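Enquirer: Below is the sequence, then the predicted model.
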Amino acid sequence: MIRARRARIVATLGPASRSPEQIEALARAGADVFRVNFSHGAHEDHAQAIATVRGAEAAVGRPLAVLADLQGPKLRLGRFADGPVSIRPGQAFRLDLDPALGDATRVCAPHPEILAAVKVGADILIDDGRVRLRVVRHGKDFAETEVVVGETLSNHKGLNLPGHPIPIPALTPKDRKDLAFALDQGVDWVALSFVQRAADMAELRQLVQGRAAVLAKIEKPAALDALDEILDLCDGVMVARGDLGVELAPEDVPVVQKALIRACRTRGLPVIVATQMLESMTSAPTPTRAEASDVAGAVYEGADALMLSAETAAGDFPLEAVSIMDRIICRVERDPRWPELMAAEYPIEDADADALVAAAGRAAQGPSIVCLASFTTTGQTALRLARERPLQPALALTPHVEVARRLALTWGVEARVVPQPTDSESLAKIATEIARDLGLAAAGRRILILAGLPMGSPGAANILRLAHVPRR
């Protein structure tokens, strides 16, 4: 089973999509990566979901990745004595550390870090921006505010302080427990929420110790100020537009999205565009035209993957959501103008590997080359090749199932687990037979092989070879 498209689909698992039948159906419909959201559910549920994905992988015959999404520090209001309270613009409202139940004049905000970070004139957003408070006076344990926008406050709504870095660790005690569990379950990717600084990713990378690839969720404006340093420590990035959309002006979000995709394409880092891609399909069998255009826009920008959240986790039409996303991606990639937008967006570096991969990308543009095949021990050669955005089918052949699964997130790469070649002849034999058996190259056609010598040693690709596909 191979994909007829290059951009990948991430499907979030949840109550609507946890059964073996549902997960296999989602994989056959187009899901390449399954997200396990540690903001919800028990470890037992997640363990079962991960095991079910592994079973679906065997059934569909292609690697599937599991992405563990850590919750991160959730900043929330306390509780109100009598349920939701009514507020009105212009009234005073106090946030403090007093654990007493709140009312229409005050409530506990059990996060001293927020109260320490606020300044007079700063805005505090509550409930995804539905309520906006402006600070008029503050101390170490309180903030007196004026209501700017909003009518209702209720228990445990989220807090945001746009434009002000909050001195809290990205990894909470819960995250550390969830991370240890996820690594023991053999997940392929770990996503860190609310990244603000490079030190957040450095801490995650140190804890993971290479047992999974690490991904930064960019959802705080502070992360944009330290983007280069954060990208230095990432294996991938998620453009998490939900919280970005709360903390940034609406008109800024698409601009930031495009900038993040360009930055990741320049570095050859897989990038996911997430949040509300097909939101209406949580309760409707078809998306809005605006949502279809949103998905298409991310594909035209060259994103590696697009993510479905509530649509597959809790929606009424999870299979339809994956299917229509697959159809939109395939339609965009048939657009005659789409190829010119996929031109590589990075400067060719002096490193021999980058020059060789760039040469492979150019050579493959010839009409006689029908498929590219890269042999990779760590996945880096395949990632470099994907950075070129080749329009021919691109195989990533590796002896390690963990590497093949991680590459399921990468644009245009069909990863397969193969025996380790012992010499150049076995290398050509393996590559041509896989290309033929998958229907990517007919007998007698030529494929271009990218590999490194000595075989099996991690390092730069250093050979290009043309090979003819044999008959069966």
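Expert: Perfect, thanks for sending it. Quantities reported herein were computed from a predicted structural model and do not represent experimental measurements.

Enquirer: Only C-alpha atoms, please: export stretch 290-297 in CSV.
Expert: Extracted C-alpha coordinates of stretch 290-297, given in CSV (Å, rounded to 0.1, in the frame of the first residue of the first chain):
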residue,chain,number,x,y,z
ALA,A,290,-13.1,27.8,3.4
GLU,A,291,-11.8,24.8,5.2
ALA,A,292,-11.0,23.1,1.9
SER,A,293,-9.1,26.2,0.8
ASP,A,294,-7.2,26.2,4.1
VAL,A,295,-6.1,22.6,3.6
ALA,A,296,-5.2,23.4,0.0
GLY,A,297,-3.2,26.4,1.0
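
Enquirer: who does the one helix or strand Cys371 maps to touch, helix- and strand-wise?
Expert: Cys371 is part of strand 369-375, with elements assigned from DSSP states H and E. In terms of contacts (3 or more C-beta pairs under 8 Å, 6 or more residues apart in numbering; DSSP states H and E), strand 369-375 is packed against helix 380-387, strand 394-398, helix 424-437, strand 446-451. Every residue, glycine included, has its C-beta placed from N, CA and C.

Enquirer: and Arg28, which of those is closest to it?
Expert: Proximity to Arg28 (C-beta to C-beta) singles out helix 424-437 among the helices and strands packed on strand 369-375, at 19.1 Å.

Enquirer: So which elements touch that closest one?
Expert: In terms of contacts (3+ C-beta pairs under 8 Å, 6+ apart), helix 424-437 is packed against strand 369-375, strand 394-398, strand 446-451, strand 463-468.

Enquirer: So which residues make contact with the helix or strand that the second one is followed by?
Expert: Read it as strand 394-398. Beyond strand 394-398 on the C-terminal side, the first helix or strand identified by DSSP H and E is helix 401-406. Residues from elsewhere that reach helix 401-406 (C-beta atoms under 8 Å, 6 or more residues apart in numbering): 57, 63-66, 186, 188-189, 212-213, 235, 376-379, 396, 398, 415-417.

Enquirer: ok, now stretch 289-302?
Expert: Outside stretch 289-302, the residues touching it (C-beta under 8 Å, 6+ apart) are 7, 257-258, 261-262, 265, 273, 276-281, 287, 306, 324-325, 328-329, 331-333, 338, 341-342, 345, 389, 411.

Enquirer: Can you pick out the ones from those that are in strands?
Expert: Val273, Leu306 (DSSP state E).

Enquirer: If you go by neighbour count, which of the contacts of stretch 289-302 are buried?
Expert: The neighbour-count test (16 or more other C-beta atoms under 10 Å) applied to those identifies 7, 257, 261, 265, 273, 276-281, 287, 306, 324-325, 328-329, 332-333, 338, 342, 345, 389, 411 as buried.

Enquirer: tell me the residue furthest from the middle of this protein?
Expert: Note on the chain: the largest separation between a C-alpha and the mean C-alpha position, by C-alpha atoms, centre = their mean, falls on Gln91 (40.8 Å).

Enquirer: Next one: the nearest residue to that residue once chain neighbours are set aside from Gly210, what distance?
Expert: Counting by C-beta to C-beta, 6 or more residues apart in numbering, Val147 is the residue found nearest to Gln91 once chain neighbours are left out, at 5.1 Å. Distance of Val147 to Gly210, given as C-beta to C-beta, to the nearest Å: 49 Å.
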